[in-house]
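S.K.: next come a sequence and a model predicted from it.
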Amino acid sequence: MTALLDIQRLRGGYGRVEVLRGVDLQVGAGEIVALLGSNGAGKSTLNNTVCGIERAWSGKVSFDGHDLTRAHYRDVVKAGLIQVPEGRKVFPNLNVLENLELGSFTRARERRASNLERVFAIFPRLKERLAQKAGTLSGGEQQMLAIGRGLMAEPRLLILDEPSLGLSPLLVEEMFALIRRLHGEGLAVLLVEQNVGQSLEIADRAYVLENGAVRFSGLPAELLASAELKRAYLGL
């Protein structure tokens, strides 16, 4: 497999506290890769380091053959590596349209109108609420807005950090159906989730992160076949 995203021996953290301890991870073009692990395992730190929000201590991050290890986060976005962060992080005092337009501020600005129509086709509810302040939307609607904002940048790889967090069971089903749809359109996805069962149902491959290091990587069936891994790392 030729990796679209290739992370090698990545180390990083905050101050003197090391969080990432030599992480190796790859995502191929058009793949869904699940990154699993408990709270505090280092998943969000990995996302932020890969995306240039936090600086890597050592190791290498390559995207489509280009070294992004110490690239500015704007250059990461320009390359097409887009993160939808945990907690949605919409701009609460801006309306839905303004939030979506900000998604194309750095990348794909010239195709903003057509990409808006694509987002509205995926999330008709957002079109109904264009002038509504993002902070007044429900949790599910804010998650739609966060993903829609990410799609406005025409991602080549979309990192989804806990997209089902805080959603009702029905909306969780809709969220995973959406991820399947995006995958069917050829989009590569790094799915960072604590919803283990549904993540493994749709993933091509999976990684388990524990204490900032990869403890397992392989096919979902291999992970589920190991009683020790299921018990120790997945709580199954």
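M.R.: Good, I have the coordinates.
S.K.: ok, and what's touching stretch 119-137?
M.R.: Stretch 119-137 has contacts (C-beta atoms under 8 Å, 6 or more residues apart in numbering) with 90-97, 99-100, 141-142, 144-145, 147-148, 151-152, 178, 181. C-beta here means a position set from N, CA and C on the backbone, and glycine is covered the same way.
S.K.: helices along the chain, start to end?
M.R.: Along the chain, counting by DSSP state H, helices occupy 43-50, 73-79, 96-103, 112-122, 124-128, 139-151, 169-184, 196-202, 220-225, 227-229.
S.K.: just the angle between the fourth one and helix 139-151, please?
M.R.: Counting by axes from the mean of the first three to the mean of the last three C-alpha atoms, to 10 degrees, helix 112-122 lies at 140 degrees to helix 139-151.
S.K.: which ones are touching Arg9?
M.R.: 22-24, 58-60.
S.K.: ok, Thr106 next?
M.R.: Contact analysis of Thr106 by C-beta under 8 Å, 6+ apart lists 74, 77-78, 153.
S.K.: and it, what are its phi and psi?
M.R.: Main-chain torsions, Thr106, degrees, to the nearest 10: phi -100, psi -30.
S.K.: skipping adjacent residues, who's closest to it in space?
M.R.: Of all residues not flanking Thr106 in the chain, Val77 sits nearest, at 4.6 Å (C-beta to C-beta, 6 or more residues apart in numbering).
S.K.: surely that neighbour meets Glu154?
M.R.: No: at 10.4 Å, Val77 does not count as touching Glu154 under the criterion of C-beta atoms under 8 Å.
S.K.: between the two, which contacts overlap?
M.R.: Contacts common to Val77 and Glu154, judged by C-beta under 8 Å, 6+ apart, are Arg107.
S.K.: which one's more surrounded, the two?
M.R.: The neighbour count for Val77 versus Glu154, taken as other C-beta atoms under 10 Å, is higher for Val77 (22 against 17).
S.K.: Leu137 versus that one, what's the distance?
M.R.: Look at Val77 and Leu137: by C-beta to C-beta, to the nearest Å, they are 24 Å apart.
S.K.: what do you get for Glu18?
M.R.: Taking C-beta to C-beta, one finds Glu18 at 38 Å from Leu137.
S.K.: more neighbours, these two?
M.R.: Neighbours of Glu18 and Leu137, each counted by other C-beta under 10 Å, are more numerous for Leu137; the result is 21 against 15.
S.K.: state the distance from that one to Ala225.
M.R.: Relative to Ala225, and taking C-beta to C-beta, Leu137 is found at 41 Å.
S.K.: low-scoring stretches of the protein, by residue?
M.R.: Applying pLDDT under 70 to the chain flags the ranges 1, 232-236.
S.K.: residues near Ser226, how many?
M.R.: Using other C-beta under 10 Å, Ser226 has 14 neighbouring residues.
S.K.: what is the neighbour count of Asp204?
M.R.: Asp204: 17 surrounding residues under other C-beta under 10 Å.
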